[in-house]
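Colleague: Coordinates only, no sequence provided:
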DNA sequence: ATGACATGTGTCATCGATGACACATGCCAT
DNA sequence: ATGGCATGTGTCATCGATGACACATGTCAT
């Protein structure tokens, strides 16, 4: 840390007291034009920059929000949420401190301890690694906002209504004539130890798949429902989607449409299809979820988009509301929606299929 | 900001002075076992947490590194670099403050001002938006490290030797029998206004392409060299690669191999090939650069990998060296290397090609 | 002439942690 | 018994910004 000019030095140079300099800086109170000019000159020549540490210590307000994310490298989703939060924070004069827990509750705990030492004004969790960390902050009376997934009802959250977009996707498939629709997704039981609150995301997507089937008058086929983890660290991302799709293709009656509950899984699905020499959407249609990788895949993936940046923005706003002591901040729910691109098409007719086989 | 217990309160509760509490906290000097026990008990019951702001103000050391990145959402590359830097920083007791300039020099300037006010101990630039921002910090005597691209020679940098991996890629193509090898890449003249230092990345990759051609005894074909911006904000990512590949396919003698100097471009290339009904690597081989999207594409992309996290790690280390006043920290250069996956194969024979046509 | 008010500026305690310095004991060696 | 040293603890200035408070002087209305 270098030692830039202090306000005291500026005052000395301008031949006034620190209070007067402060008045000029804050633009409050009376200061004669002459004095003001001298002070402004001193500020300019010394390239004075206020010391935020001193100010924050004095004002007991750090103007900083801690943002805990799973792992910003694991899924572009987190980067987008973080960016949304950062943008609004900046507009409000706040800054965000980002922290990756990488799935480790222990690491998350350490990160939070540092947040507290740093006296952050609030903490955003874009998925907490451990509920205990969330409740600990609540006990410490530090405002908390949960983004995407809520670990507790004791703090407000910003979540997505996964069902609307997912149902739209199912309707899209059905309208296109598909009757053999498979699901490749995260298993509610395996995700976050099946925690009843945390698994909401998977429950909603899975529920919408089944509801969509029913709404379309289609029966539920257990062989078409492939649930598992999103990815295991041993493998790379996407491997799960690939494996599931291989299994589906090897089955007796392969589906003509696949709904993957995450673009990373969808990427794996596309890989398996590609490897099998089939084409999307000619032979099989695919819809993903998230709209993270979608635009980069071949073909460009039709997917259910989540308002990622908005999640971050609304998360910050809820945090700010708590900081300012606004009435009880309620939780927010944002919609998801289907983005149609090139991976979902009409069900192949029998003749079409024969021709390609 | 809540008001947690202060060291003063702990001292009062334990019936000692703040100096003694500080001794226990720091583990220095003499403290009787009895006193120590009382203090430790007080710390525990009050859940005391030191105020980092006060400490940093007093010690004139913020233990914070500012990290300016282009836009963490634009390319997974940045997220990985940031993560690498964060990891090492944490190990050294530092934290990183992330800031996205999103390509705006003005925004970058604001971010840096805040870094200075925050009294960061050093600043990492994973690509500065403006050279002026880098030199400004240098003038302020704040240690700077440039990662991936250097805007000035006046501060150390961690860069990648793009040529080694790129040459490896070219050799791979040639070994596989390809003779019509195209390039889809960033144009050195268009990138960062063609700044002689900043364009080094593009120069190296483009240079390696040409050198690889020559080394393989192949002549340079201007029609095979497609240069442009990586992406324009009006479009989405990857569009540039798609457009270039469409043009190549529409040409008289389409290439049998394409070297894309960035995975995002490669993704677009794959989309165009897919759309044309051709297969990779059967009809056309593709190699990318970065290893960001590669593993998610179909087929899994052979690509030149950059040591992204290492860039961040080494960047932090160079910053730390400067902070600690170690001798003149010299710049570092990391190698790139080819990662073979499924998108590069033998050149199709004439018969193979006829069969598919 | 005097009180009321606008204008202009300075003093200083405060935020919390730090560590230099001072000041106690008690014990041992000379 | 006296100096030297280990042991144990307290006092207080400091880091830089903030803003309440006090204290000037000048102007105007009554």
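Modeller: Right, received. Where do you want to start? Note that the structure is a prediction, hence the values are computed from the model and not measured. Numbering: from 1, shown residues only, chains lettered A, B, ... in the order given.

Colleague: State the pLDDT value of the residue in the stretch 101-250 of chain A positioned nearest to DNA strand D.
Modeller: Nearest to DNA strand D in the stretch 101-250 of chain A, going by C-beta to the nearest atom of the strand, is residue A:119, at a distance of 13.2 Å. No exception for glycine: its C-beta is placed from N, CA and C like everyone else's. You'll see residue A:119 listed with a pLDDT of 96.

Colleague: That one reaches residue A:59, doesn't it?
Modeller: No - taking contacts as C-beta atoms under 8 Å, residue A:119 lies outside contact range of residue A:59: 10.7 Å.

Colleague: Please list the residues outside the strand or helix carrying residue A:12 that contact it.
Modeller: For residue A:12, the host element (DSSP states H and E) is helix A:7-14. Contacts with helix A:7-14, where a contact means C-beta atoms under 8 Å, 6 or more residues apart in numbering or on different chains, come from A:17-18, A:20-22, A:25, A:35, A:38-39, A:41-43, A:45-46, A:48, A:50-51.

Colleague: Intersect those residues with the contacts of DNA strand D.
Modeller: Among those, the ones lying near DNA strand D by C-beta under 7 Å from any atom of the strand are A:18, A:22, A:25, A:48, A:50-51.

Colleague: Looking at neighbours, which among these is most surrounded?
Modeller: residue A:51 (22 neighbours; other C-beta atoms under 10 Å in any protein chain shown).

Colleague: Could I get the contacting residues of that residue?
Modeller: By C-beta under 8 Å, 6+ apart, residue A:51 lies in contact with A:4, A:6-7, B:57, B:117, B:119.

Colleague: closest to residue A:319 among these?
Modeller: For the contacts of residue A:51, the residue nearest residue A:319 by C-beta to C-beta is residue B:117; the value is 21.6 Å.

Colleague: Pick out the residue of chain A closest to DNA strand D.
Modeller: residue A:7 (2.7 Å).

Colleague: Distance check, the residue nearest to residue A:123 when sequence neighbours are not counted against DNA strand C.
Modeller: In space, and not counting its chain neighbours, residue A:123 is closest to residue A:66: 4.4 Å by C-beta to C-beta, 6 or more residues apart in numbering or on different chains. Distance, residue A:66 to DNA strand C, by C-beta to the nearest atom of the strand, to the nearest Å: 18 Å.

Colleague: Quick check: phi and psi at residue A:66.
Modeller: Torsion angles at residue A:66 (phi, psi; degrees, to the nearest 10) stand at phi -90, psi 140.

Colleague: Next: residue A:34.
Modeller: Here residue A:34 shows phi and psi, under degrees, to the nearest 10, equal to phi -60, psi -50.

Colleague: give me the number of residues near it?
Modeller: A count of neighbours around residue A:34, defined by other C-beta under 10 Å, yields 8.

Colleague: follow-up on the earlier one: just the ones in strands from the contacts of helix A:7-14, please.
Modeller: Among the contacts of helix A:7-14, DSSP state E puts none in strands.

Colleague: for residue A:202, what are its contacts?
Modeller: Residue A:202 touches A:185-188, A:191, A:261, counting by C-beta under 8 Å, 6+ apart.

Colleague: same thing but at 6 Å, please
Modeller: Residue A:202 is in contact with A:186, A:188, A:191, counting by C-beta atoms under 6 Å, 6 or more residues apart in numbering or on different chains.

Colleague: partner strands of the helix or strand hosting residue A:158, parallel or antiparallel?
Modeller: Under the criterion of DSSP H and E, residue A:158 resides in strand A:157-161. Using DSSP bridges, strand A:157-161 pairs in its sheet with strand A:144-147 (parallel), strand A:332-335 (parallel).
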